[in-house]
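Enquirer: My questions concern the predicted model and sequence given below.
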Number of protein chains: 2
Amino acid sequence: MLRMSKLTDYGTVVMTYLAREPDRVHNAAEVASNIHVPQATVSKILKVLARGNLLTPQRGAKGGYSLSRQPAEITMADVIDAMEGKPVGLTECASSPGACVQESSCSVRGNWQRINDAVRGALAGVTLEEMAQPAVQPVDTSRLRPSRQAAA
Amino acid sequence: MLRMSKLTDYGTVVMTYLAREPDRVHNAAEVASNIHVPQATVSKILKVLARGNLLTPQRGAKGGYSLSRQPAEITMADVIDAMEGKPVGLTECASSPGACVQESSCSVRGNWQRINDAVRGALAGVTLEEMAQPAVQPVDTSRLRPSRQAAA
DNA sequence: GGAATTAGGACTATTCTAGTCCTGTATGGT
DNA sequence: ACCATACAGGACTAGAATAGTCCTAATTCC
């Protein structure tokens, strides 16, 4: 499926939650109870995000995590990259060069690269600040959309 | 992973191959030998694409498949939808409404919907006709506009 | 009639995923 | 100092999804 894993999806929910109070430290238990996901799972997600340098951890009692950058400076592409540990890419050759045996003889690789870039652009164009707000403001897709888009 | 399945990926390769000679009938063996994928697998892919009405099958000796529409009239979004049997969507709620338990309490669903639309737009903006050509167009990431030919 | 070729599944081995849990380390409060 | 709180980093497991094969029709050409 052309789909994120559930963990990655939760990652975006976690980050969006944190973006609503960016200057506070949040611990795993608090986040878990707010987004309705088991604490052990949330904990795992927070660790991954911290390893990706999107969150700054604070250990010990009264510890927790806070955003490493302002919400406006973190995009969906950043979050997904951090969760998956590799750059976003719909094709295997985009995120893990060398893994696909067909790579050298593939006739569509160049064109796929273009599509990957366009998709990444769509994700990089949305910040946590925007995600944190109710869904009223349209994602700016006008620059992304090719002219023929009337047909969608 | 934010990634297509391998079969879906092959599906795009198959369709692109067919788009290079859109007016001919191609059988599974021929396609397989050209794209270097086992015939049984290619056969499976062709069936899926035919069920999605992207290919028109012709049974019996001298049979095979041909594109149901002109290459310029088939987009990557069409191909991926056909291969996966459901509309493209990065989140579960986008392609299978009701499957996610959090759906009702999810605070980011509306914003994700917009991102999904943007991604779909990127895929719907590239036709098989374009895929069939060598990738000469450099990607303009700063502008995020998948290049297309004039009109169509 | 016989050879080609697709239709439609059943089946399987492998890989991936989600989720839990355990042990270690750092920190704050008393 | 002690101890409770929290994160760090993995190991582990059950279950699901994936890729690929193979078999038995149904169709069509010659």
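Expert: Cool, got the structure.
Enquirer: use CA for all of it now, contacts and neighbours both
Expert: OK.
Enquirer: And for A:Glu30, the neighbour number?
Expert: 12 (other C-alpha atoms under 10 Å in any protein chain shown).
Enquirer: CA atoms of the helix ranked longest in chain A as CSV?
Expert: Scanning chain A for the helix with the most residues, using DSSP state H, yields helix A:109-124. Taking Å, rounded to 0.1, in the frame of the first residue of the first chain, the C-alpha atoms of helix A:109-124 are listed here in CSV:
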residue,chain,number,x,y,z
ARG,A,109,13.6,5.4,-12.4
GLY,A,110,14.3,8.9,-13.5
ASN,A,111,10.7,9.7,-13.9
TRP,A,112,9.9,8.2,-10.5
GLN,A,113,12.5,10.4,-9.0
ARG,A,114,10.5,13.4,-10.2
ILE,A,115,7.3,12.1,-8.7
ASN,A,116,9.1,11.3,-5.4
ASP,A,117,10.3,14.9,-5.3
ALA,A,118,6.9,16.2,-5.9
VAL,A,119,5.4,14.1,-3.1
ARG,A,120,8.2,15.1,-0.7
GLY,A,121,7.4,18.7,-1.6
ALA,A,122,3.8,18.3,-0.6
LEU,A,123,4.9,16.9,2.8
ALA,A,124,7.6,19.5,3.2
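Enquirer: touching chain B at all, the helix or strand following it?
Expert: Remark: after helix A:109-124, the chain's next helix or strand is helix A:128-131, criterion DSSP states H and E. Yes: legend: contact between helix A:128-131 and chain B by C-alpha under 8 Å from any C-alpha of the partner chain is shown at A:Met131.
Enquirer: Check for me that A:Leu46 belongs to a strand.
Expert: No: according to DSSP: H, G, I helix; E, B strand; the rest coil, the state of A:Leu46 is helix, so it is not within a strand.
Enquirer: what ranges do the strands span in chain A?
Expert: A:55-58, A:64-67 (DSSP state E).
Enquirer: right, so of these, which gets closest to A:Ser96?
Expert: With C-alpha to C-alpha, the closest approach to A:Ser96 among the strands of chain A belongs to strand A:55-58: 24.9 Å.
Enquirer: which residue ranges form the helices in chain A?
Expert: Under the criterion DSSP H, chain A contains helices at A:6-19, A:28-35, A:39-51, A:76-84, A:92-95, A:109-124, A:128-131.
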